[in-house]
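> Predicted structure and sequence below. I'll ask about it afterward.
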Amino acid sequence: MSVYRDKERGRFVFEFSRRIGGKRLRVRKLLPAKWTQAQADKFDREESGRLYAVATRVEAAGHSIGEAVAVYLENHRHLKSFDNIERELVGMNPYYHGRPIGDLAEVCKEYARTAVKERSKNKDEPLSPATKRNRIRYLTSACRYAWRVHGMGEHDPAEKVMVPEVDNERQHYASRAEMLAICRAFKEQRGNKRWQARMAVRIAFYSGMRLGELLRATVRNGCWVLDDTKNGRPRIIPIHPKAAVCARRFKAGPKITIQRNWEKARDTAGFAHLHFHDLRHSAASELVNQDVDLYTIGAVLGHKDPRSTARYAHLAVGKLASAIGRMGKKLPTGVEKR
């Protein structure tokens with residue numbers, strides 16, 4: 001066997017060393033961290049056969065999608081979401097294993113059409129379009145990186161990839177009264193950490209910050225300051241007077257603890273349909289109801305693309321009613337009709 005386990009890294013390593021036709025062929029690859037012994041052995045059999053075939057000129061040498069994924073993961077450990085990316089790419093392995101990098105578009109098409117949920121009671125239950133889209137994007141990013149930086153393939157392997165369209169825009173908003181009802185529900189819970197979750201709810205509603213942003217934001221000169229955001233730009237959000245006490249007392253804790261306390265209070269208050277992230281949308285809704293323009297709302301929420309803010313335009317019912325009400329009215333003197 002050409003596979004062994006590297007104890008320091010906790011991963012399987014594939015090594016191929018053969019003398020074929022008077023020449024020594026050596027190949028060494030670090031396999032994905034989540035692979036089992038069975039997966040590693042299967043890769044050993046298939047890759048050893050392929051390398052032997054290449055060495056004996058049975059087939060032309062080429063690069064596989066698996067190679068592209070391996071080199072991408074090896075060079076992107078610095079990413080915040082590395083663990084998630086690695087897990088998703090390894091989960092797609094049955095679809096691209098042994099396939100050349102030139103087959104990327106076909107592999108992605110097949111995955112979008114046939115992929116089902118792993119470990120599901122109903123084996124035929126399909127994955128959500130959003131999950132398929134995200135995984136296909138990870139795979140195309142890996143192959144494109146391998147092509148651009150490491151010269152794998154003759155042309156961009158992702159140029160013909162079709163990414164599934166997704167419409168997962170949520171339309172759930174909590175009013176101020178509903179937010180306060182959820183905050184009151186925290187009193188029925190036990191433990192001191194519930195108060196940190198309660199403060200997180202008020203802060204999110206009055207700032208529009210995501211939970212992850214809220215946990216790493218700092219307070220400076222009466223503002224929430226985010227040096228690192230999702231769009232790569234720093235953001236400053238003035239602290240609302242109704243959240244000033246929370247800003248002074250809030251101490252960031254484990255994200256999962258806040259999520260669990262939020263879910264308990266939310267369910268107790270009768271708003272099981274709400275997600276914590278909906279508080280961010282609720283902040284935008286409150287701003288729209290106060291006739292704040294969309295440009296300013298986008299600045300508060302930290303939107304890089306104006307189209308992200310445009311989703312809240314339909315909430316400006318007051319402005320729409322005012323515009324409709326102007327229809328049929330007489331124009332001021334001196335103004336000509338068109």
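Nice, I can see it.
> Ramachandran coordinates for Ile237?
Here is the backbone geometry of Ile237 (degrees, to the nearest 10): phi -130, psi 120.
> Just give the number of residues close to the nearest residue to it once chain neighbours are set aside.
If you skip the residues right next to it in sequence, Ile237 has Trp224 as its closest partner in space, 4.3 Å away by Cβ to Cβ, 6 or more residues apart in numbering. For the C-beta atoms, the positions are set from N, CA and C on the backbone; glycine is no exception. Trp224 has 23 neighbouring residues, counting by other Cβ atoms under 10 Å.
> Does Trp224 touch His240 like I think?
No: counting by Cβ atoms under 8 Å, His240 is not a contact partner of Trp224; they are 9.7 Å apart.
> Which residues are in contact with each of the two?
Listed as contacting both Trp224 and His240 by Cβ atoms under 8 Å, 6 or more residues apart in numbering are Ser207.
> Contacts only, for Arg19.
Leu25.
> correction: Arg184
Ala269 are the contacts of Arg184 under Cβ under 8 Å, 6+ apart.
> make it 10 Å
Contacts for Arg184 were tallied using Cβ atoms under 10 Å, 6 or more residues apart in numbering; they are Arg198, Ala265, Thr268, Ala269.
> What strands flank the longest strand anywhere in the chain, and is each parallel or antiparallel?
Scanning the chain for the strand with the most residues, using DSSP state E, yields strand 11-20. When pairs are called by DSSP bridges, strand 11-20 turns out to pair with strand 3-6 (antiparallel), strand 23-30 (antiparallel).
> Redo those as TSV? Include mean pLDDT, distance to Pro157 and mean neighbour count.
What follows is the strands paired with strand 11-20, written out as TSV (pLDDT from 0 to 100; distance: least, Cβ to Cβ, whole Å; neighbours: other Cβ atoms under 10 Å):
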stretch	mean pLDDT	distance to Pro157	mean neighbour count
strand 3-6	86	27	14
strand 23-30	81	19	12
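> now those strands as CSV including distance to Gly98?
Output for the strands paired with strand 11-20, formatted as CSV (distance: least, Cβ to Cβ, whole Å):
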stretch, distance to Gly98
strand 3-6, 16
strand 23-30, 14
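> Now do the buried residues in the longest strand of the chain.
Buried residues in strand 11-20, defined by neighbour count with 16 or more other Cβ atoms under 10 Å: Phe12, Phe14, Phe16.
> Repeat that for stretch 274-283.
Burial within stretch 274-283, assessed by neighbour count using 16+ other Cβ under 10 Å, is assigned to Leu274, Phe276, Asp278, Leu279, Arg280, His281, Ser282, Ala283.
> Break down the chain into its strands, ranges please.
Secondary structure of the chain (DSSP E): strands located at 3-6, 11-20, 23-30, 218-220, 223-226, 235-238.
> Have a look at the protein and report its longest helix.
In the chain, ranked by residue count with DSSP state H as the criterion, the top helix is helix 129-150.
> Figure out how far that helix is from the centre of its chain.
Its chain's average C-alpha position is 13 Å from that of helix 129-150, according to Cα atoms, centre = their mean, to the nearest Å.
> tell me the average confidence for that helix?
When the per-residue pLDDT values of helix 129-150 are averaged, the result is 90.
> same deal with stretch 184-204?
Taken as a whole, stretch 184-204 has a mean pLDDT of 89.
> how about that stretch: buried residues?
Going by neighbour count (16+ other Cβ under 10 Å), the buried part of stretch 184-204 is 185-186, 189, 193-204.
> residues touching Lys255, list them.
Ala200, Leu211, Gly212, Leu214, Leu215, Phe276.
> Compute the number of surrounding residues for the residue nearest to Gln196 when sequence neighbours are not counted.
Distances taken as Cβ to Cβ, 6+ apart put Gly253 closest to Gln196, at 5.4 Å, once the chain neighbours are dropped. Applying other Cβ under 10 Å, we find 14 other residues in the vicinity of Gly253.
> next one: the one 4 residues further on
Thr257 has 14 neighbouring residues, counting by other Cβ under 10 Å.
> what's near enough to touch it?
The neighbours of Thr257, taking Cβ under 10 Å, 6+ apart as the test, are Gly191, Lys193, Arg194, Gln196, Ala197.
> could you redo the last one with a cut-off of 6 Å?
Lys193 (Cβ atoms under 6 Å, 6 or more residues apart in numbering).
> I am finished for the moment; much appreciated.
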